[in-house]
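Student: Give the three-dimensional model of this entry:
(3 chains)
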Amino acid sequence: MIEFRLDGHSKVATYMQIVQQVRQAIRLGRLDPGDRLPTVREVAESLAINPNTVLKAYRELELEGLVEARTGSGTFVRRTNPGRALPSQAALERELAAWLRKTRAAGWEQEDVVALIETTLRATYEGRREGAA
Amino acid sequence: MSPALETTGLAKRYGHVWALRDCTLALPAGRVAALVGPNGAGKSTLMHLAVGLVRPDAGSIRVLGQAPANNIALLARVGFVAQDTPLFRDFTAAEMLTLGARLNRRFDIAYARERLDRLAIPLGRRTCKLSGGQQAQVALTLALAKRPDLLLLDEPVASLDPLARREFLQTLMGAVAEDGTTVLLSSHLLGDLERACDYLIVLHTARVQVAGAMDALLAEHRVLVGPHREPSKVDRIPGVAAVVQASHTEKQTTLLVRTSRAILDPQWTVSEVTLEDMVLAYLANSGAGRLPGPTRLASGTAGTADLGVSA
Amino acid sequence: MMWLTWRQHRGQFLFVLAGLAVITAVVVPFGLSMHRAFVEMGLADCTAALSPSVLSGAGPADPAAIRCADLADEFVFQYGSRAVIGGVLLLMIPLAIGLVMGTQLVADDTDHGTHRLVWTQGVTRQRWYAAKIGLVCAVAAVISGAYGLLGYWYLIPIARSGAGRIMLSDMHGATPVAYALFAVALGVFTGAMWRKVPPAIAATLFGFIAVRVAVRSARPNFLPPLERTLPVQWDPAEIAFGSPYWLRLNGDLEVASAEYDAAGRVITSETGMRFCPSPSPSTPSYFDLRCTSPDFPLVDYNVMLFHPDSRFWTFQLIEVAIFVALAALLIVLAARRVSRLT
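Tutor: Numbering: from 1, shown residues only, chains lettered A, B, ... in the order given. Sure thing, here's the model as predicted:
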């Protein structure tokens, strides 16, 4: 079962953080179709947040079509996942892991890796946009 | 749906000092409301009025639709934890539960015992030997076991360490999720309140400064930074309903305002405001706010109707 | 509510019981020894054998009665101090109950804030107060009633040896119950006023003593006293058990007395009477020095204002009424205070 974590310092609203964490989990396959999300009560209690916030997050996910609420049983990830399936995920993940091992062997700190990824990410995606335009 | 707590011009005086004045509020049911204000602002007085421990000197108060004074039937539906969580020092935790069962019409003692077990609080230990956090949990359990419709907590976590505070709020949120209890919780600690509460009441020197749904309040308040303006001219900015706090340097003016619509003037850099900044701004400027309170309650929606905008 | 009242004040009650155990451990053995001596010295027999007329002082002096009077004096001399010790211990019981249980009844809650807990469960303040007052008054009445009876038993020998009962009215009978109720009510009232236990204890202590002293001083005025004329000359042979002279020294409660000359004028403004023995071969070893001194004017007769020992129960009733009325007033005032507390 997914466990949520809240970043108190983030500018992102609490409910949106929950939504994002569910989306991410689905995207990365940590939540499969048919898996049950924790109950509103469990989330409210473990994070010490207002239950309405959790309800809001779950309702948002329902609107996005990622989950469905079944009365009496709970909230479940939908069987048919109309969200974006990531193509070649397994292969790309393997390549990434191999590349990360190389950086570690080269003696890089985690922050250096993140910095490189972020700058390259920005350059690649912006370049792609500019290239498209 | 009628409000869980409703006051009209409520006032209470102790000797010559007014502890609460012109207090008009309507707390919708199902909310977890934060009651914030400096010491002596009237928070405890409001709670004591709500549970019938004192009687008003002016105005009226209605809890779950009834007057609380000498109302035993109402007390069966209202849970209260007083400041400094008073417990009988040499009673064991189990005896505190027996007290609850004997004195209350409706008391779910099995639920209470199960709660304390889950929190690993030994039932046979005297309350004076429990930690501060455990004492607060016992007091909360005592109140929750009544299965109340409304729960009033007077600074329950003030003297607790952060872990105990977190555990207390966890228990509280779990109970709210389970039963839909309306909660009014007074505290100094805004960080805790932001996660747990969805309604805000600010009391300052015996008066209500702010009362409304937290989302709506945060959506309506903004910080504006712009070139220096004369203090007398800041009221006329289009989109600004009221200025809460203003500070000026030679070159720059910073305002924390309540908006009536989007601020489009490009001179101003508009940014969102945190709960802490908003509350502190009101508390520092006791003349700001003084909203007359909700004039009517829009059913379901937490919109500006809750604020009873005057202008 | 009964459960809570008992559980909350259980410790105080046990504390009072412990104190009572100590007092009982002193009073009962003393009492037994006095009862035993009363029998062994022959007083039980001689007082039982005397005719009522001798006892009222109307008849002639009976040698047996004179002998009995000597025995009685001897008994009082030997056991008087013991009787006083026990009596004083018994006197402290009502105050102790009030100080320990009365003061904490309301103040224990208001001092620690638990009143805000209890009054927001399902009981009204009125029911809470009534239950507590009811229980503590019942306990106080039972304890002090039992010790009033114990005191009555304890003082039988001393009383029948001429000390009478009316002068020891505080220590036994029904008055301890009234004192205890008053002490409790005072404790509850001061606790409700000050809302903290230590000042309530101090106020109850001083208040109780002050009122007791005041009422005790007023005791001679409860009823109009009787008047008795006593001749100056007395025959030592007439100090018989139950005679007026003997009663003058024992038993009756003297209010005032004065010496009168032949013309009917009061000789001295000081309370006092003069008894001078008639010259006789058996002049006793003690007599008032003023009888022979020429500096003092002649006394013709004495007049004594007094309350006879038989008024014991009447006086008890009056004092009980006073203290119970005070207790009731304090309980009502405290109730009003409680209903206004925050």
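
Student: Quickly list the domain ranges of the chain.
Tutor: You didn't say which chain, so I picked chain A. Using automatic domain parsing, the domain ranges for chain A come out as A:14-77, A:89-132.

Student: right idea, wrong chain: chain C
Tutor: Listed by automatic domain parsing, the domain ranges of chain C are C:2-222+C:312-340, C:226-310.

Student: contacting residues for the closest residue to chain A within the stretch 201-311 of chain B?
Tutor: Here the stretch 201-311 of chain B gets closest to chain A at one residue, B:E272, 7.7 Å apart by C-beta to the nearest C-beta. Any C-beta I mention is one placed from the backbone N, CA and C, and that applies to glycine too. Applying C-beta atoms under 8 Å, 6 or more residues apart in numbering or on different chains to B:E272 gives the contacts A:K11, B:L218, B:R222, B:V223.

Student: beta partners for it?
Tutor: B:R222 (DSSP bridges).

Student: From B:N71, how far out is it?
Tutor: With distances taken as C-beta to C-beta, to the nearest Å, B:E272 is found 43 Å from B:N71.

Student: Count the residues that sit near C:V320.
Tutor: As a burial measure, C:V320 scores 18 neighbours (other C-beta atoms under 10 Å in any protein chain shown).

Student: Could you confirm it falls within a helix?
Tutor: Yes. According to DSSP: H, G, I helix; E, B strand; the rest coil, C:V320 belongs to a helix.

Student: isn't it right next to C:P176, touching?
Tutor: No. C:V320 is beyond contact range of C:P176, at 9.7 Å (criterion: C-beta atoms under 8 Å).

Student: show me the contacts for C:F30.
Tutor: Contacts for C:F30 were tallied using C-beta under 8 Å, 6+ apart; they are C:R82, C:A83, C:I85, C:G86, C:Y154.

Student: tell me the mean pLDDT over the helix or strand harbouring A:A123?
Tutor: In the assignment (DSSP states H and E), A:A123 maps to helix A:110-132. Here helix A:110-132 scores 77 as its mean pLDDT.

Student: what do you get for stretch C:217-237?
Tutor: 79.

Student: Same check on stretch B:126-142?
Tutor: Rounded mean pLDDT across stretch B:126-142 is 92.

Student: still on that earlier bit, filter the contacts of B:E272 down to the buried ones, PyMOL style.
Tutor: In PyMOL, this line selects whichever of those come out buried by 16 or more other C-beta atoms under 10 Å in any protein chain shown:
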select buried, chain B and resi 218+222+223
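
Student: between the contacts of B:E272, which is nearest chain C?
Tutor: Of all those, B:L218 has the smallest distance to chain C: 33.0 Å, by C-beta to the nearest C-beta.

Student: Could you name the helices and strands sitting against whichever strand or helix holds that closest one?
Tutor: If you go by DSSP H and E, B:L218 is part of helix B:214-220. With contacts defined as 3 or more C-beta pairs under 8 Å, 6 or more residues apart in numbering or on different chains; DSSP states H and E, helix B:214-220 has these neighbours: strand B:199-204, helix B:275-284.

Student: Parallel or antiparallel, which strands does the shortest one pair with?
Tutor: It stands for strand B:199-204. strand B:32-36 (parallel), strand B:207-213 (antiparallel).

Student: which residues of the stretch 201-342 of chain C fall in helices?
Tutor: C:244-249, C:312-340 (DSSP state H, counting those that start in this stretch).

Student: Could you identify which of these is most buried?
Tutor: helix C:244-249 (a mean of 20; mean count of other C-beta atoms under 10 Å in any protein chain shown).

Student: for that one, what is the average pLDDT?
Tutor: On average, helix C:244-249 scores 61.

Student: Setting aside sequence neighbours, what's the nearest residue to B:C128?
Tutor: B:R89 (4.2 Å; C-beta to C-beta, 6 or more residues apart in numbering or on different chains).

Student: can you confirm the one you found is in a helix?
Tutor: No. Looking at B:R89 with three-state DSSP, it is coil, so not inside a helix.

Student: Just list the residues touching it, thanks.
Tutor: B:R126, B:T127, B:C128, C:H112.

Student: Any chance you could note which residues of chain C sit beside chain B?
Tutor: C:1, C:3-4, C:7-8, C:11, C:112-114, C:116-124, C:342 (C-beta under 8 Å from any C-beta of the partner chain).

Student: Compute the number of surrounding residues for the residue of the stretch 101-250 of chain B found nearest chain C.
Tutor: Closest approach between the stretch 101-250 of chain B and chain C, counting by C-beta to the nearest C-beta: B:L103, at 3.8 Å. Per other C-beta under 10 Å, the neighbour tally for B:L103 reads 21.
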